[in-house]
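J.: Predicted coordinates and the sequence they were generated for:
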Amino acid sequence: MWTLLQIELYKIFRKPRTYIAFGAIAAFILLIQLALLVNGKQYLQFVLGFLDDSFEIPYDKINNGYWICFAILNLLLIHVPILVALVAGDIVSGEANMGTLRLLVSKPISRTQLLLAKFLAAVAYVIVLLTWMALIALGLSIALFGTGDVVVAKAMELHQIEQHDVLWRYFAAFGFAALALVVVASLSLLLSTVSENSIGPIVATVCIIIVCTLISEMQIPLYDKYLKPYLFTTYMLGWKGFFYIGVDDDGQTIRGSVQNASAIFKCIGVLVAYVIGFVTASVLLFRKKDILS
Amino acid sequence: MPAIIQVEHLSKRFNDINAVDDLSFSVEQGDVYGFLGQNGAGKSTTIRMLLTLVRPSAGSIRVFGNELSSHRAAILRQVGAVIERPDLYKYLSAYDNLALFARMSGIKAKKDFLLEQLRMVGLEDRAFSKVKTFSQGMKQRLGIAVALVHDPKLIILDEPSNGLDPQGIADMRNLVIRLSRDRGKTILVSSHLLSEVELMANRMLILHKGKKVVEGLVSELLDPSRSVVHVETDNDEAIRTKLLQTKWSRFLQPGGNGIQLAMSKHEVPALVSDLVGMGAGIRRVDPAHSLEDYFLSLTTQPGHVDAAAN
């Protein structure tokens, strides 16, 4: 299995397409950082201005590397699934399209092992991509803007997190984001398993994510009750929960706490269930598939 | 010693299409076994079933004496194949492709060994060029190197001459002959060209619309003294059934109008005599076609489309 995983990773990272995502993420983040370097205060006022009547917000202090990383995650984590689909959607169907799938499947390895190796390679790709994102979004932002407290708005609440209590939340948020993107990768894998060309699974994954995200964002009671609880996109933004800090009975923030840990764990549980479901379905389909490409 | 490949009553249906229909054949140790048929005859589907790419609808496949479905990995470790086009990773070099598939076949090959394999197929000068810069013939040769890198006992080549120029076809043919003669490999090679099979194979099978037409030694099947004898009687079905109980059963050919027997022209009088003895009302006995003509007529007539093979 380890050999198969190495081979799959080798193939992914030798493919020029793989690096599109790394380039796109770097370009997005650098553009955001440049914009916030020049117009950071105005942007903060745009985001938090609606709370000006209730709070006195120290805009100059909170325009720091930690907050900018939070802003970048907010902007980017909706779009990164598209970049994940670009690689994961190609992982089986790309081989079918290229004609190499029949050579792979005629080797003395089980189809289950082959598909699991491909899935693990996609997971590794997600982790590397997020590490890259963390390095630029967090590392470079800290280098450019320094550190400081983070102020995050949630509806009409304002959560202020001391700078010494922030870093672990980013690690947790990136970990959560990795899990959310693994769901996307496993959905792409499933679609890739039933397709003979790369474009179909990539486009289908992106369409599913867009439609589900739109439904998840809509505030319609019918959808709230009957649809949203079953959509994985509803749980993909659960990483924000790490930035909603808990408070004690006196209204003082509790260092190292989160407001609703059980909600985060629920999101994690649902996302893990989706991964298991998508991967199991992929394996079952792939084991029975006639390779005609 | 068990046959290297033993196929019994193998069938594959794709929706309403019978791609392979009740096919039985065996390949013996050291054979270069020609698998002949027009495009869409079911050759590729059969080969895909031998390589576990396609699941049979019915029948059994035994390779090296073991059931393929239950000994898949152990069997495939001893099989090398080029299936239709030799598609490889275009963004990798010839060397990288070979190294990758060597690892997938379970061998840890050293650089010198891999370069030697590339030299054997004439690609040593392009070992580190990306495959996307290769001609069809070079890809085909690299495909052969990939198929041979783990020194398999059985080699399966599906239409290896496709897309090659005349020199490439001759090189491929010589390679197959050398692998059999010098290295003792058992080879199953499919083709839609009788001339190709005739030059390479010692035994062959002709497949038509998913069914076996004939199987045997190439030298016997293409013996110019042998013919396909067409017989028409007043009750072909009944006479065919009666012939199956006699010595003539081994000459009977499936399909076609009337009754067809692949046999020597010299035996026709004895056949007619037996038919009369069976009470057949003989309308026509026509030994006009040689076996070669008969095979050519099968392999050149417009065929049905085999969804699986195309």
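T.: Done, it's in.
J.: What residue in chain A comes nearest to chain B?
T.: At 2.7 Å from chain B, A:Gly99 is the closest residue in chain A, using CB to the nearest CB. C-beta here means a position set from N, CA and C on the backbone, and glycine is covered the same way.
J.: What's the local residue count around the nearest residue to that residue once chain neighbours are set aside?
T.: Leaving aside its chain neighbours, A:Gly99 sits nearest to B:Asp87 (2.7 Å; criterion: CB to CB, 6 or more residues apart in numbering or on different chains). Neighbours of B:Asp87 under the rule other CB atoms under 10 Å in any protein chain shown: 20.
J.: Enumerate every residue touching B:Asp87.
T.: Contacts of B:Asp87 were listed using CB atoms under 8 Å, 6 or more residues apart in numbering or on different chains, and they are A:Met98, A:Gly99, A:Thr100, A:Arg102, A:Leu103, B:Lys139.
J.: What is the neighbour count of the residue of chain A closest to chain B?
T.: For A:Gly99, the neighbour count with other CB under 10 Å is 16.
J.: Over to the one 3 residues further on?
T.: Residues near A:Arg102, counting by other CB under 10 Å, number 22.
J.: Mind jotting down where the helices sit in the stretch 201-310 of chain B?
T.: Using DSSP state H, counting those that start in this stretch, the helices of the stretch 201-310 of chain B run over B:218-221, B:236-243, B:268-277, B:291-300.
J.: what comes into contact with stretch A:137-154?
T.: With CB under 8 Å, 6+ apart as the test, stretch A:137-154 has contacts from A:29-30, A:33, A:36-37, A:40, A:47-48, A:51, A:57, A:61-70, A:72-73, A:76, A:158-163, A:166, A:170, A:240, A:243-244.
J.: Next step: those restricted to strands.
T.: A:Leu158, A:His159, A:Gln160, A:Ile161 (DSSP state E).
J.: So what's the residue count around residue 258?
T.: Answering for chain A, as no chain was given. Residues lying near A:Val258 (other CB under 10 Å) number 18.
J.: please go with chain B instead
T.: Quick note: B:Gly258 (other CB under 10 Å) scores 15 neighbours.
J.: Could you check the pLDDT of the residue of the stretch 1-150 of chain B at minimum distance from chain A?
T.: Nearest residue of the stretch 1-150 of chain B to chain A (CB to the nearest CB) works out as B:Asp87 at 2.7 Å. If you check B:Asp87, the pLDDT there is 84.
J.: With B:Leu194 instead?
T.: You'll see B:Leu194 listed with a pLDDT of 79.
J.: what's the neighbour count on it?
T.: The burial count for B:Leu194: 21, using other CB under 10 Å.
J.: and A:Ser257, that's in a strand?
T.: No. A:Ser257: not assigned to a strand; according to DSSP: H, G, I helix; E, B strand; the rest coil it is coil.
J.: Look up how far A:Gly246 lies from it.
T.: In this view, A:Ser257 and A:Gly246 are 3 Å apart by CB to CB, to the nearest Å.
J.: next one: A:Glu196
T.: Per CB to CB, A:Glu196 is found 51 Å from A:Gly246.
J.: what's the answer for B:Asp223, then?
T.: 92 Å.
J.: do the same with B:Gly137
T.: B:Gly137 sits 70 Å away from A:Gly246, going by CB to CB.
J.: re earlier: return the subset of the contacts of B:Asp87 lying in helices.
T.: Among the contacts of B:Asp87, the ones falling in helices (DSSP state H) are A:Met98, A:Arg102, A:Leu103, B:Lys139.
J.: and the third one, what does it touch?
T.: With contacts defined as CB under 8 Å, 6+ apart, A:Leu103 is in contact with B:Ala81, B:Ile83, B:Asp87, B:Leu88, B:Phe101, B:Val146.
J.: now the strands: where do they sit in the stretch 51-200 of chain B?
T.: Residue ranges of the strands in the stretch 51-200 of chain B, as given by DSSP state E, counting those that start in this stretch, are B:58-63, B:66-67, B:79-82, B:154-158, B:186-191.
J.: now the second one: how far from the chain's centre is it?
T.: The chain centre lies 20 Å from the centre of strand B:66-67; the measure is CA atoms, centre = their mean, to the nearest Å.
J.: List the contacts of that strand.
T.: Residues outside strand B:66-67 that contact it (CB under 8 Å, 6+ apart): B:Ser60, B:Ile61, B:Ala74, B:Ile75.
J.: can you put the residues you listed in CSV and add pLDDT, neighbour count and distance to B:Gly37?
T.: CSV is the format used below for the contacts of strand B:66-67 (pLDDT from 0 to 100; neighbours: other CB atoms under 10 Å in any protein chain shown; distance: CB to CB, whole Å):
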residue, pLDDT, neighbour count, distance to B:Gly37
B:Ser60, 92, 14, 21
B:Ile61, 93, 19, 18
B:Ala74, 90, 12, 30
B:Ile75, 93, 25, 24
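J.: ok, which pair from these is furthest apart?
T.: Pairwise distances across those (CB to CB) peak at 16.7 Å, for the pair B:Ser60 and B:Ala74.
J.: what's around B:Asn18, how many residues?
T.: Look at B:Asn18: counted by other CB under 10 Å, it has 17 neighbours.
J.: Okay, it and A:Arg14: tell me how far apart.
T.: Note on B:Asn18: its distance to A:Arg14, by CB to CB, is 42 Å.
J.: Weed out the non-buried ones from the contacts of stretch A:137-154.
T.: Among these, those classed as buried by 16 or more other CB atoms under 10 Å in any protein chain shown are A:29, A:33, A:36, A:40, A:48, A:57, A:62-70, A:72-73, A:76, A:159, A:161, A:166, A:170, A:240, A:243-244.
J.: So which of those belong to helices?
T.: Mapping these onto helices (DSSP H) picks out A:29, A:33, A:36, A:40, A:48, A:62, A:65-70, A:72-73, A:76, A:170.
J.: Would you check which pair of those lies furthest apart?
T.: Among those, the pair separated by the greatest distance (CB to CB) is A:Ile29 and A:Leu48, at 21.2 Å.
J.: ok so, going back, just the contacts of strand B:66-67 now: which is nearest B:Asp236?
T.: Among the contacts of strand B:66-67, and counting by CB to CB, the member closest to B:Asp236 is B:Ser60, at 31.9 Å.
J.: so what's residue 168 up against?
T.: Just going to use chain A. A:Gly256.
J.: Hmm, no, I was thinking of chain B.
T.: Applying CB under 8 Å, 6+ apart, the residues near B:Gly168 are B:Gly137, B:Gln140, B:Ser161.
J.: Mind putting those residues into a markdown table with neighbour count, distance to B:Leu275 and pLDDT?
T.: Formatted as a markdown table, these follow (neighbours: other CB atoms under 10 Å in any protein chain shown; distance: CB to CB, whole Å; pLDDT from 0 to 100):
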| residue | neighbour count | distance to B:Leu275 | pLDDT |
| --- | --- | --- | --- |
| B:Gly137 | 18 | 52 | 82 |
| B:Gln140 | 24 | 50 | 86 |
| B:Ser161 | 22 | 42 | 81 |
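J.: ok, of these, which one's closest to B:Asp31?
T.: Nearest to B:Asp31 out of the contacts of B:Gly168 is B:Ser161 (CB to CB; 18.8 Å).
J.: Could you pull up the contacting residues of that closest one?
T.: Applying CB under 8 Å, 6+ apart, we find B:Ser161 in contact with B:Gly168, B:Ile169, B:Met172, B:Arg173, B:Ser191, B:Leu193, B:Glu196.
J.: Tell me the confidence at the fourth one?
T.: Spelled out, that is B:Arg173. For B:Arg173, the model assigns a pLDDT of 86.
J.: That one: how many residues sit nearby?
T.: By other CB under 10 Å, the residues close to B:Arg173 number 17.
J.: now the third one
T.: The local packing count at B:Met172 equals 23, with neighbours defined by other CB under 10 Å.
J.: Report the contact partners of the nearest residue to it once chain neighbours are set aside.
T.: Nearest non-adjacent residue to B:Met172, counting by CB to CB, 6+ apart: B:Pro160, 5.2 Å away. Remark: with contacts taken as CB under 8 Å, 6+ apart, B:Pro160 is in contact with B:Val82, B:Gln140, B:Ile144, B:Met172, B:Val176, B:Val189, B:Ser191.
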